[in-house]
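Chemist: What would the 3D arrangement of this be:
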Amino acid sequence: MFTRWQRTIFATLIIYATSFEQPVVIEAANASGVDLRNDEYEYQYAQKWPSLNRSLGSVSAVSFDPRGNVVIFHRGSHVWNERSFNEENRYLPIIDGPIPESTVLTINNGSGVLLDEWGSNFFYMPHGLTIDKDNNYWLTDVALHQIFKFDLRISTTKPVLTLGRRFEPGNDIHSFCKPTSIAVLENGDFFVADGYCNGRVMKFSSSGQPILQWGKNSFYITRRYSLPSGIVPENFFAIPHSLTYAADRDLLCVADREQGRVQCFHAGNGTFHSMYSNPKVGSRLFSVKYIPKDGGLLYVINGPQFTFPQQPINGYILSMTTNRIVGRFYPSTPQEAFSNPHELAVSVDGVNIYVAELSPTMVHKFTRKNAAGGEATDPTVIQQTAMSSNVESVVVSQSLYAGTLTTVSFVVSLIGISLLIICVSRVICFKSPARRQRFSTHSENISLRNLNQAGEEAQEEV
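Modeler: The predicted structure is shown next:
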């Protein structure tokens, strides 16, 4: 028989075990950030996609052509490293010449086979890719400090429009400094994110005439001034890295990379509309895409974090109407786990997501679980289960644990723990209980901070 002291320890351990397990059961259904009122944001990961007979360089961008095929922009044999640019942002290895491989590849969105390729011996350091409704290809090159528009019906070697001065960084209305991304309006006007040095957004007419610009560089490495502590104000960019146009709202949204947020502006005049960030996304946000579904959704992807606590590298789905994280997507196996995702593309119906990664050099594909009213039938697609919010650093253990933990398994586990404690208590003397570890079970279904409304509240750093 147990002594009174042993029974007290036993009861304490049972309560401790219960307090450890129960929150996970409660949170597991929502651990992936999925809004329980809408399960349409759970995605499956496609393994062995695409099916290419070649190696890729760093994949800097991904987009769709008007037929729904996937188009990627990659760097071939060129690598961006500390020897690529000098302190004046001039590209150094010009003597090596342009990338000899085809840098633009068109891939069937289902089978993953290569359909077309072009772009050899032209680009030096690819970055952004956008394809408009008329199948014009808009590309940026950070080494050339230029942006290009290609009409493939005319030529794949000579652009129909070129802006910027070749290999010459600048900050006037006719120059760029490492431009990153382009968004095109229905009437042909377009925006350029400019970029790594200037921290601005520029708007041009369809013929390439400057219309307006806004923004100021706030990247701590390159700015020449000090900012007060607290939330960095709107219109300040620490690398405007990706653009997306919300046509039904007439908003241009910008991935403000090193400030971990999305800023949205009125497309007509560039005035500020709203700003979003979230602790789960972290301090760096590389890409944003908008689809007009369920009142407007922003798909974003973060990257390696330089601040603590570090957040896992994942894709997130943000609702612009409810200000909530409604979904999350990530590779299902450690071999394909995100490391350096750079850009993403989302089909207009939200069924397919593609993520371009710099290193490892690859493209990821995700398909919505309940697309067309049921589970995806693509044999290359495997189910992506929910992640446990308590163990976010290991993708596989997260998904397996949260996906299989149910009420029944919890009861079985509790019985097993109880029996184990009984056995141990019979053979050893219990010492005073150690300090109890605290476990966080915050739901990931967290309200976003709309900084346009909450800017006067607590001044915590973005």
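Chemist: Can you pull the poorly scored residue ranges out of the stretch 301-450 of the chain?
Modeler: Low-confidence segments of the stretch 301-450 of the chain, defined by pLDDT under 70, span residues 372-450.
Chemist: List phi and psi for the nearest residue in space to A238 that is not next to it in sequence.
Modeler: Excluding the flanking residues, the one nearest A238 by C-beta to C-beta, 6 or more residues apart in numbering is E258, at 3.6 Å. (Each C-beta comes from the backbone N, C-alpha and C, glycine too.) Here is the backbone geometry of E258 (degrees, to the nearest 10): phi -80, psi 0.
Chemist: and E258, what does it touch?
Modeler: For E258, the contact set (C-beta atoms under 8 Å, 6 or more residues apart in numbering) comprises 219-220, 238-239, 283-284.
Chemist: Filter these down to the buried ones, PyMOL style.
Modeler: This is the PyMOL syntax for the buried subset of the contacts of E258, where burial follows 16 or more other C-beta atoms under 10 Å:
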select buried, resi 219+238+239+283+284
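Chemist: Quickly note the distance from the residue nearest to A238 to F236.
Modeler: 11 Å (C-beta to C-beta, to the nearest Å).
Chemist: ok, and the closest non-adjacent residue to the residue nearest the centre of the chain?
Modeler: Per C-alpha atoms, centre = their mean, the C-alpha nearest to the average position across the chain is that of I301, at 0.8 Å. By the measure of C-beta to C-beta, 6+ apart, the closest residue to I301 outside its immediate chain neighbours is G315, 4.5 Å from it.
Chemist: Look up how far A247 lies from the one you found.
Modeler: 22 Å.
Chemist: higher neighbour count, the two?
Modeler: G315 (25 against 11; other C-beta atoms under 10 Å).
Chemist: So in terms of bridging, what pairs with the more buried one?
Modeler: I301, F329 (DSSP bridges).
Chemist: Could you point out the helix or strand that follows the one helix or strand V62 maps to?
Modeler: Using DSSP states H and E, V62 falls within strand 59-64. Helices and strands here follow DSSP H and E; after strand 59-64, the next one along the chain is strand 70-74.
Chemist: now for that following strand, which elements pack on it?
Modeler: Under the contact criterion of 3 or more C-beta pairs under 8 Å, 6 or more residues apart in numbering; DSSP states H and E, strand 70-74 touches strand 59-64, strand 104-107, strand 126-131, strand 352-357.
Chemist: how about a cut-off of 10 Å?
Modeler: Under the contact criterion of 3 or more C-beta pairs under 10 Å, 6 or more residues apart in numbering; DSSP states H and E, strand 70-74 touches strand 59-64, strand 104-107, strand 114-118, strand 126-131, strand 136-141, strand 341-346, strand 352-357, strand 362-368.
Chemist: CA atoms only for it - export them in CSV, please.
Modeler: Extracted in CSV, the C-alpha atoms of strand 70-74 (Å, rounded to 0.1, in the frame of the first residue of the first chain):
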residue,chain,number,x,y,z
VAL,A,70,3.3,27.1,-64.0
VAL,A,71,6.2,29.3,-65.0
ILE,A,72,9.4,29.6,-62.9
PHE,A,73,12.3,32.0,-63.1
HIS,A,74,15.6,30.6,-61.9
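Chemist: wait, R90 sits on F167?
Modeler: Yes. Judged on C-beta atoms under 10 Å, R90 makes contact with F167 at a distance of 6.8 Å.
Chemist: shared neighbours, those two?
Modeler: The contact sets of R90 and F167 overlap at 143, 145 (C-beta atoms under 10 Å, 6 or more residues apart in numbering).
Chemist: Averaged pLDDT, stretch 72-84. What do you get?
Modeler: The average pLDDT within stretch 72-84 is 97.
Chemist: Report the buried residues of that stretch.
Modeler: For stretch 72-84, burial by neighbour count (16+ other C-beta under 10 Å) applies to 72-76, 78, 80, 84.
Chemist: coming back round to it: make TSV out of the helices and strands packed on strand 70-74 and add mean neighbour count.
Modeler: TSV is the format used below for these (neighbours: other C-beta atoms under 10 Å):
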stretch	mean neighbour count
strand 59-64	24
strand 104-107	22
strand 114-118	15
strand 126-131	26
strand 136-141	25
strand 341-346	25
strand 352-357	25
strand 362-368	23
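Chemist: Columns distance to G195 on top of these, output as JSON lines?
Modeler: Shown next, in JSON lines, are the helices and strands packed on strand 70-74 (distance: least, C-beta to C-beta, whole Å):
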{"stretch": "strand 59-64", "distance to G195": "13"}
{"stretch": "strand 104-107", "distance to G195": "20"}
{"stretch": "strand 114-118", "distance to G195": "24"}
{"stretch": "strand 126-131", "distance to G195": "8"}
{"stretch": "strand 136-141", "distance to G195": "8"}
{"stretch": "strand 341-346", "distance to G195": "14"}
{"stretch": "strand 352-357", "distance to G195": "17"}
{"stretch": "strand 362-368", "distance to G195": "23"}
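Chemist: Thank you kindly, that will do.
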